[in-house]
Structures are given as C-alpha cells and as structure tokens.
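Asks: Pasting the sequence and the predicted model now:
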Amino acid sequence: MRTVFWEEDRACMIDQTLLPFETKILTLDAPEEVYEAICTMRVRGAPAIGVSGAMGVVLGVKHVPEKTTEAALQAMETLCPYLIGARPTATNLEWAVRRIWNYAKKIAALPYPDFYAALVKKAMQMADDEVAIAKRLSENGAALIPEEGANISTHCSCGPLCTVDYGLNMGVVYAAHQQGKKVHVYTDETRPRLQGAKLNTYDLRRMGVPYTLIPDNHAAYLMQLGKIDMAFLGADRVAANGDTAAKVGVYGLSIAAKEHGIPVYMCCPLSTVDFSKKTGAEIVIEERDPEEVLKVNGTWIAPEDTPVLNYAFDVTPGRYFAGIITEIGIAYPPFTQSLKKLKEIYDREQEAADA
C-alpha cells in the first residue's frame with residue numbers, strides 16, 4: 001500500500017492524521033491542497049513529503065491558464081519556493097521540488113501537452129525511485145542486525161507510511177524480519193502528535209514485526225535494564241558532518257544510548273544529507289502549533305492560555321551515531337569524509353537517472 005501515488009491526473013495520499021482508526025485516501029487537484037496536506041501532516045515522513053511536493057508542482061503546471069510551456073515555467077518560479085516553504089526542516093521536500101523544477105527546465109523545448117505529460121511521468125518515477133531507495137537502504141541496514149536477532153529502540157515513525165512504501169529504519173527491521181532474524185521493536189509513543197503510537201504500530205503490525213509500545217520516558221530505563229540492543233532512527237535533514245535534525249526526542253534517546261554503550265544508527269537516503277550545511281547549527285528547526293501540546297485527540301489537557309514551546313525536531317551531533325545508513329552504503333565516522341564519498345556515487349546515479 002503506497003502512501004503517495006498519482007491516479008486519474010491527481011495526487012493521491014493516505015491521510016495519516018486519521019490512522020490507525022480510519023484509512024482515507026485524499027485526492028488533491030491543486031498545489032495549495034498539497035501545501036495544506038504537508039503543513040497539517042496529513043502526509044508526513046521526509047521521502048513521502050518530497051514526492052508530494054513534486055506532485056504539487058505538476059498540479060500547478062496542470063492548472064496554468066495559458067497552457068503554454070513558457071507560462072508553466074514562469075509559474076514554477078513562484079510555485080516551487082512556495083511548496084518548499086511548507087516544511088522548512090525536511091530537506092527531501094526541497095530536494096524533490098528542485099529536482100522536478102530542474103527537469104522542467106531541461107525539457108523546456110517541448111510543447112505544453114508533452115511538457116506536462118513528461119512532468120507527470122517524472123513525478124511517478126520519483127515515487128517509484130523512493131521505494132527502490134528504501135529497499136536498498138533497508139538491505140544495507142539489515143546486515144547490521146545479528147543473526148540471532150535484537151531488541152531495537154526507535155522513535156517516531158519511519159515505516160512504509162513515511163517513504164511511499166517499505167520504510168527506512170523500520171524498513172531495516174522489516175528486511176531483517178524477512179531474513180528470519182528475531183527482531184523486536186520498542187517504539188516510543190512520540191509526543192506530542194503520537195506518531196509512534198498511531199503510525200509506527202500501524203506499520204509494524206502490517207509488516208508482521210513484533211513490537212511493544214512504550215511511553216517516551218521509558219526508553220532510557222529499558223536501556224539500563226539491558227532490554228535494548230541497538231537503536232535505529234530516521235532523519236529529516238543531515239549536515240555534512242553527520243549532525244542530524246530528526247523528530248524531537250532523538251537527541252535525548254541518543255544520549256541515553258551512548259551512556260549504556262548501545263549503538264545508534266541513523267537511516268536516511270542520500271537526498272536527506274544537506275551538504276550545504278557544515279554542521280547541525282545551520283539547520284532551521286520548525287516550531288509547530290501550541291495546540292498539538294495542549295490537546296490530545298481534540299481534548300484539552302492544560303489551560304488554553306498555557307505558554308507552549310513546541311519544536312518539531314531537535315539536532316543530534318554526529319558523534320552519537322555508530323553509522324549513517326543510506327541506499328548507497330553505510331557511512332561511518334568521520335562522517336565528513338564518508339558521506340562525501342557516498343555522495344560522489346550518488347551524484348553519478350542521479351545524473352544517469354535525470355539524463
């Protein structure tokens with residue numbers, strides 16, 4: 001089941017805000033609708049957001065009044081930055097929008113009907129690419145899990161819902177599970193939006209992977225008790241030195257793991273690595289609506305006028321990671337060097353794919 005797909009000339013996606021109690025497919029026909037779906041986290045997870053953004057660009061081209069390639073390209077000059085601004089921390093959104101934007105410039109000589117058709121095909125291919133990337137990454141990561149299996153800690157949701165299909169850190173676990181390794185996941189509930197409770201349990205159940213849901217404040221104690229062997233986490237933006245912006249709470253989990261000698265692996269496609277950012281200090285961290293903290297499933301849990309600080313992400317220094325798992329391979333410290341080497345291979349693959 002794909003999170004994001006193109007059907008009947010529209011962008012379609014699972015409304016993740018309704019899971020796990022209701023499965024509803026959103027059918028979006030305008031870039032503004034895609035923007036709203038990204039902002040409100042109806043679609044979430046860096047790769048899925050990226051593909052959604054690319055499809056939002058295509059919808060903008062679809063509705064250009066003049067129906068000329070020149071008018072479409074002109075509209076994209078405003079449309080693409082607009083869509084990129086929907087979630088400033090997740091680098092995959094910017095990467096995907098810029099990729100289809102650059103592709104549009106390459107095919108600018110085509111007449112409008114062919115130009116539009118080519119962009120539709122490109123967006124659909126980008127969705128397929130994300131699934132292939134997730135599978136490659138997952139196979140790389142599964143090799144790190146011992147043959148006898150492991151108890152694995154994670155935070156938030158980076159399963160199939162996050163990545164169009166298959167998953168990243170939970171894709172690693174799923175691949176190991178398919179190989180016959182006895183894996184078990186302790187998944188944090190992930191406050192305030194409870195993605196671990198609502199979405200990761202949904203994905204793990206569908207994948208047939210044994211799991212236990214825990215409150216966020218239990219992970220460190222489970223590590224002290226020796227119940228966790230390793231941690232796999234997902235990223236939203238990685239700096240060139242391995243510093244990583246991820247769902248808020250990852251930093252604390254990583255500190256606890258290091259204290260107990262537990263290896264932590266960050267899982268992300270190379271498109272998530274922002275080489276323009278030398279360190280995590282340069283990453284813009286998104287702040288979200290206070291009501292996400294003040295309410296749980298629509299019910300107030302604190303006075304309405306309570307001051308709230310609600311960061312969507314935190315930044316974990318690269319020194320806390322044993323490795324960064326990508327579709328090209330696994331980067332090990334020092335990340336400035338290892339990520340650069342993987343990027344050289346990645347860039348060659350991208351040039352071939354966009355030729």
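Replies: Here it is on my side, so go on.

Asks: Torsion angles phi and psi at the residue nearest to residue 257 when sequence neighbours are not counted?
Replies: Leaving out its chain neighbours, the residue that sits closest to residue 257 by CB to CB, 6 or more residues apart in numbering is residue 264, at 4.8 Å. In short, each C-beta sits where N, CA and C put it, glycine included. When read as degrees, to the nearest 10, the backbone of residue 264 gives phi -120, psi 130.

Asks: residues near residue 264, how many?
Replies: Each residue near residue 264 was counted by other CB atoms under 10 Å, and the total is 21.

Asks: and it, how far is that from residue 144?
Replies: According to CB to CB, to the nearest Å, residue 264 stands 11 Å off from residue 144.

Asks: Flag the shaky bits of the chain, pLDDT-wise.
Replies: 355 (pLDDT under 70).

Asks: quick check: longest helix of it.
Replies: The helix that spans the most residues within the chain, counting by DSSP state H, is helix 112-142.

Asks: and it, what does it pack onto?
Replies: strand 4-7, helix 46-62, helix 69-84, helix 91-106, helix 169-178, strand 264-267, strand 323-325 (3 or more CB pairs under 8 Å, 6 or more residues apart in numbering; DSSP states H and E).

Asks: Take the ones you listed and lay them out in JSON lines including distance to residue 255.
Replies: Formatted as JSON lines, these follow (distance: least, CB to CB, whole Å):
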{"stretch": "strand 4-7", "distance to residue 255": "34"}
{"stretch": "helix 46-62", "distance to residue 255": "23"}
{"stretch": "helix 69-84", "distance to residue 255": "32"}
{"stretch": "helix 91-106", "distance to residue 255": "24"}
{"stretch": "helix 169-178", "distance to residue 255": "18"}
{"stretch": "strand 264-267", "distance to residue 255": "10"}
{"stretch": "strand 323-325", "distance to residue 255": "17"}
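
Asks: Residue 289: which of those is closest?
Replies: helix 46-62 (17.6 Å; CB to CB).

Asks: For the residue nearest to residue 257, give me its contacts.
Replies: 230, 231, 232, 233, 253, 254, 257, 258, 320, 321, 322 (CB atoms under 8 Å, 6 or more residues apart in numbering).

Asks: What residues sit buried inside the longest helix of the chain?
Replies: Buried positions in helix 112-142, judged by neighbour count with 16 or more other CB atoms under 10 Å: 112, 115-116, 118-120, 122-124, 126-127, 129-131, 133-142.

Asks: and what of stretch 282-295?
Replies: So, applying 16+ other CB under 10 Å, buried residues of stretch 282-295: 283, 285, 288, 290, 292, 293, 294.

Asks: picking up where we left off before, quick check: which of the helices and strands packed on helix 112-142 is nearest to residue 221?
Replies: Once the helices and strands packed on helix 112-142 are compared by CB to CB, strand 264-267 is nearest, at 16.9 Å.

Asks: Name the next helix or strand downstream of the closest one, please.
Replies: Per DSSP states H and E, the first helix or strand lying C-terminal to strand 264-267 is strand 273-274.

Asks: chain center to the helix or strand following that following strand: distance?
Replies: Later in the chain than strand 273-274, the nearest helix or strand by DSSP H and E is helix 291-294. Relative to its parent chain, helix 291-294 has a centroid offset of 22 Å by CA atoms, centre = their mean, to the nearest Å.

Asks: can you pull the alpha-carbon coordinates of whatever helix or strand residue 231 lives in into CSV?
Replies: Residue 231 is part of strand 230-234 when elements are defined by DSSP H and E. Below are the C-alpha coordinates for strand 230-234, written out as CSV (Å, rounded to 0.1, in the frame of the first residue of the first chain):
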residue,chain,number,x,y,z
MET,A,230,20.6,-1.2,19.3
ALA,A,231,18.6,1.8,18.0
PHE,A,232,17.6,2.7,14.5
LEU,A,233,16.3,6.2,13.9
GLY,A,234,15.1,8.3,10.9
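
Asks: quick one: contacts of it?
Replies: 45-46, 141, 144-145, 150, 152-158, 162, 168-170, 172-173, 246-247, 250, 253-254, 257, 262-268, 325.

Asks: Out of those residues, which end up buried?
Replies: Of those, these count as buried by 16+ other CB under 10 Å: 45-46, 141, 144-145, 150, 152-158, 162, 168-170, 172-173, 246-247, 250, 253-254, 257, 262, 264-268, 325.

Asks: about what we covered before: ok, which of the helices and strands packed on helix 112-142 comes nearest residue 314?
Replies: The closest of the helices and strands packed on helix 112-142 to residue 314 is strand 264-267. By CB to CB, the value is 13.1 Å.

Asks: Tell me how far residue 180 lies from residue 142.
Replies: To residue 142, residue 180 is 11 Å away according to CB to CB.

Asks: swap in residue 317?
Replies: Distance from residue 317 to residue 142, by CB to CB: 26 Å.

Asks: Noted, bye for now.
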